[in-house]
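Novice: Predicted model, plus sequence, below.
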Amino acid sequence: MYGLGEIDLVPARRTRSSKEVSTAWQIDAYQMDIPVMTHPTDAIVSPSSAIEINNQGGLAVLNGEGLWARHADPEAAIAELRDIALEDLTGTRAVARLQELHRAPINEEYLAAAVRTIRDEGQTVAVRVSPQRARELTPGLIKAGIDMLVIQGTIISAEHVSGEDEPLNLKEFIGSLDVPVIAGGVVDYKTALHLMRTGAAGVIVGFGGAEGVTTTGSVLGVEIHMATAIADAAAARRDYLDETGGRYVHVLADGDIYTSGDIARAVACGADAVVLGPLLAGALESPGKGVYWDSVSAHPNMPRGLVAETHDETALAPLTELLEGPTSQPDGTRNLMGGLRRAMAKCGYTDVKGFQKVDLSVRS
């Protein structure tokens with residue numbers, strides 16, 4: 001089993017100009033110019049930053065259970081969190097405050113207002129809910145005008161069973177909706193195939209593993225080797241395509257992505273798009289202004305991530321530079337799509353689906 005950092009691309013004998021490369025990605029009726037979806041965290045997605053991200057060609061996902069759904073002035077709450085995180089470098093005091101902020105009840109009017117702000121700008125609106133609250137929150141989101149629903153938990157299955165509530169059967173639930181659903185995260189072939197059979201338009205592989213996220217070794221002991229996990233989900237996609245006679249389900253990679261090279265490796269392993277979190281925290285437009293937390297950092301009983309500075313405020317860059325350049329930063333953390341296009345061109349491919357066929361080598 002391999003992580004993304006353990007594999008390399010193998011260039012073909014024919015190369016191309018990066019100007020001939022398309023990174024366009026389409027899921028259901030919605031086309032994006034770049035294969036990027038955001039992690040649904042208030043640290044990087046507010047209504048205003050969602051509009052900017054979508055304008056850049058990506059797909060922003062608002063956290064339907066986050067601060068924008070719970071507080072009349074979420075920007076003030078985020079500013080407070082940021083100040084606490086910068087004072088307490090352990091990140092734990094900020095986590096405690098984040099938990100307190102999340103104890104406020106979800107106000108569907110606040111959430112609907114955030115959805116309308118994005119929609120009124122003519123943007124595709126995607127909102128994340130957890131499996132536990134999907135049945136409760138989705139009707140209001142549909143009424144508010146979302147275009148896409150993301151049902152995301154740390155580890156998700158085709159049927160969420162709870163002793164307190166009626167089980168959520170995703171196949172029945174997704175079948176009852178008129179909007180496409182992206183579901184995840186999964187880490188293996190079998191679960192990916194099960195989610196594809198629910199009717200999901202996309203399946204998320206992984207659960208945002210990055211610096212400061214403690215879901216893996218520290219808390220749950222669930223280890224993800226992302227290169228292998230993506231390849232397994234891609235194999236499930238291929239088998240499901242044969243099983244259904246042509247229904248294609250998109251695979252989105254969420255975790256182990258720190259540079260443009262990692263994005264290229266994820267696509268090469270079979271991902272149709274990547275889910276970005278900490279890399280986008282360095283954008284001037286991000287609400288956290290360099291302070292990042294995962295969507296599971298606010299869990300009331302078992303938080304699985306810090307609230308911590310990932311980018312010095314003096315080193316923040318415009319979102320356009322992070323995604324498309326130009327940049328003077330040589331470490332692959334800016335001009336992310338430029339790096340992906342050059343990798344595709346060096347290997348002789350002109351589109352994302354073609355690039356999934358590139359040869360790979362494993363580091364010894």
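Specialist: Okay, I see it.
Novice: Show me the helices in this structure, by range?
Specialist: 47-55, 74-87, 92-102, 108-119, 134-144, 170-175, 189-196, 226-244, 260-269, 319-324, 336-346, 352-355 (DSSP state H).
Novice: Out of those, which is the most enclosed?
Specialist: Among those, helix 260-269 has the highest mean neighbour count (mean count of other CB atoms under 10 Å), at a mean of 26. The C-beta positions use only the backbone N, C-alpha and C, and glycine is treated the same way.
Novice: For that helix, C-alpha coordinates in PDB please.
Specialist: Output in PDB follows, covering the C-alpha atoms of helix 260-269 (Å, rounded to 0.1, in the frame of the first residue of the first chain):
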ATOM      1  CA  SER A 260       0.900  20.600  -7.200                       C
ATOM      2  CA  GLY A 261       2.900  17.400  -7.600                       C
ATOM      3  CA  ASP A 262       0.600  15.600  -5.200                       C
ATOM      4  CA  ILE A 263      -2.400  16.800  -7.200                       C
ATOM      5  CA  ALA A 264      -0.800  15.400 -10.400                       C
ATOM      6  CA  ARG A 265      -0.100  12.100  -8.600                       C
ATOM      7  CA  ALA A 266      -3.700  11.900  -7.300                       C
ATOM      8  CA  VAL A 267      -5.100  12.400 -10.800                       C
ATOM      9  CA  ALA A 268      -2.600   9.900 -12.200                       C
ATOM     10  CA  CYS A 269      -3.900   7.300  -9.700                       C
END
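Novice: how big is the angle separating that helix from helix 336-346?
Specialist: 50 degrees (axes from the mean of the first three to the mean of the last three CA atoms, to 10 degrees).
Novice: Tell me which other helices or strands helix 260-269 touches.
Specialist: Contact here means 3 or more CB pairs under 8 Å, 6 or more residues apart in numbering; DSSP states H and E; on that basis helix 260-269 packs against strand 7-10, helix 226-244, strand 250-255, strand 273-276, helix 336-346, helix 352-355, strand 359-362.
Novice: export the fourth one as CSV, just CAs?
Specialist: I take that to be strand 273-276. C-alpha atoms of strand 273-276 as CSV (Å, rounded to 0.1, in the frame of the first residue of the first chain):
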residue,chain,number,x,y,z
ALA,A,273,-10.6,15.9,-9.0
VAL,A,274,-9.0,16.7,-5.7
VAL,A,275,-10.4,18.2,-2.5
LEU,A,276,-8.2,21.0,-1.2
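Novice: and it, what other elements does it pack with?
Specialist: Contact here means 3+ CB pairs under 8 Å, 6+ apart; on that basis strand 273-276 packs against strand 36-38, strand 202-209, strand 250-255, helix 260-269.
Novice: quick one: low-confidence ranges for the stretch 151-300 of the chain?
Specialist: Counting by pLDDT under 70, the stretch 151-300 of the chain shows low-confidence ranges at 154-166, 209-223.
Novice: and Gln26, how many neighbours does it have?
Specialist: 11 (other CB atoms under 10 Å).
Novice: no no, Thr90
Specialist: 10.
Novice: Contacts only, for it.
Specialist: Leu306 (CB atoms under 8 Å, 6 or more residues apart in numbering).
Novice: and the helices and strands packed on strand 273-276 as JSON lines, adding distance to Ala317?
Specialist: Output for the helices and strands packed on strand 273-276, formatted as JSON lines (distance: least, CB to CB, whole Å):
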{"stretch": "strand 36-38", "distance to Ala317": "16"}
{"stretch": "strand 202-209", "distance to Ala317": "22"}
{"stretch": "strand 250-255", "distance to Ala317": "23"}
{"stretch": "helix 260-269", "distance to Ala317": "14"}
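Novice: out of those, nearest to Glu121?
Specialist: strand 36-38 (16.2 Å; CB to CB).
Novice: packing partners for the closest one?
Specialist: Secondary-structure packing of strand 36-38 (3+ CB pairs under 8 Å, 6+ apart): helix 47-55, strand 273-276.
Novice: Redo the helices and strands packed on helix 260-269 as JSON lines? Include distance to Arg16.
Specialist: What follows is these, written out as JSON lines (distance: least, CB to CB, whole Å):
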{"stretch": "strand 7-10", "distance to Arg16": "14"}
{"stretch": "helix 226-244", "distance to Arg16": "23"}
{"stretch": "strand 250-255", "distance to Arg16": "24"}
{"stretch": "strand 273-276", "distance to Arg16": "21"}
{"stretch": "helix 336-346", "distance to Arg16": "5"}
{"stretch": "helix 352-355", "distance to Arg16": "11"}
{"stretch": "strand 359-362", "distance to Arg16": "16"}
